[in-house]
Structures are given as C-alpha cells and as structure tokens.
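Peer 1: The following comprises the amino acid sequence and a computationally predicted model.
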Amino acid sequence: MRRRVPVVVAVVVVLASVSLGGTSWGLTTSPSEILDNSARFDGQVVTLTGTITNLRPRVSAKGNAYYTFDLSDGPRTIPVFSFGRSPCTTGTKATVEGAFQRVKNVGRYTFYNQIDAITVTCP
C-alpha cells in the first residue's frame, strides 16, 4: 500500500525553504570566523562573502577546467576550489557556498582550510 504525504506537510516544507532564504543551505559566516573556529566548521556547508584575490584558472591532466582563488574579508583569506570557469574576476565581490574542510587529501596533495565551492556568484 502506498502512502501519500499530506498537503499540509508539503506546504510547511515549502514555507520553511522560503523563510531560510530559498536556495542557500549553508551556515552564513566569514573567512575570519571559519579560520578562528575551524573545528566547528569542518565538514559543514557554509555561505560566505568576500573579495576574490589570486584567481587561478586551470585545466587538469584529464582536460577538466577548474579554478582556485582566495576569498578575503579584509583581515583573513580562505582558499576556494571550484570546477568549471570562474564567473568572477580578481578584485570583485563574490558569494561562495560550499563545504569547508580543515584537511583534504587528493592523491599526493594535501590542502588545508579550503572551501570546495558548490556555487560562486558575483553581483
């Protein structure tokens, strides 16, 4: 026998989603706050805004485009990694949503205190 979710439950879920800001599911924070409390944020999806510095577009050995940059809130910066091509340029404000990892091992490389971006947007 198949059960149906009551319409009231569906409406509550939609209203909760709208009240939480629609598409953003990460904890809203800053590079400084993450770096000051890295254990608290480890493995968490976060949303943060800052200025892009050190933008580096790259192509992997397999031909996949990716880019890295530092996101600055003034006093501190945090490295960001994302696949594809950057929608932003160096010096612009950006909002990043992604997973923070204190330590990330990729093959023989180790990265520290990095955001793996799900989305990067620029005004």
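Peer 2: Okay, I see it.
Peer 1: And for the spatially most central residue of the chain, nearest residue in space, chain neighbours not counted?
Peer 2: Geometric centre of the chain, nearest residue: Gly98, 2.1 Å, by C-alpha atoms, centre = their mean. Sequence neighbours aside, Ala117 is the residue nearest to Gly98 in space, at 3.9 Å (criterion: C-beta to C-beta, 6 or more residues apart in numbering). Where you see a C-beta, it was placed from the backbone N, CA and C, and this is true even at glycine.
Peer 1: Helix, strand, or coil at that neighbour?
Peer 2: With DSSP: H, G, I helix; E, B strand; the rest coil as the basis, Ala117 sits in strand.
Peer 1: my guess is the residue nearest to the centre of the chain meets Val46, correct?
Peer 2: Yes: with contact defined as C-beta atoms under 8 Å, Gly98 reaches Val46; the gap is 6.9 Å.
Peer 1: Return every residue with contacts to both of those two.
Peer 2: Gly26, Ile115 (C-beta atoms under 8 Å, 6 or more residues apart in numbering).
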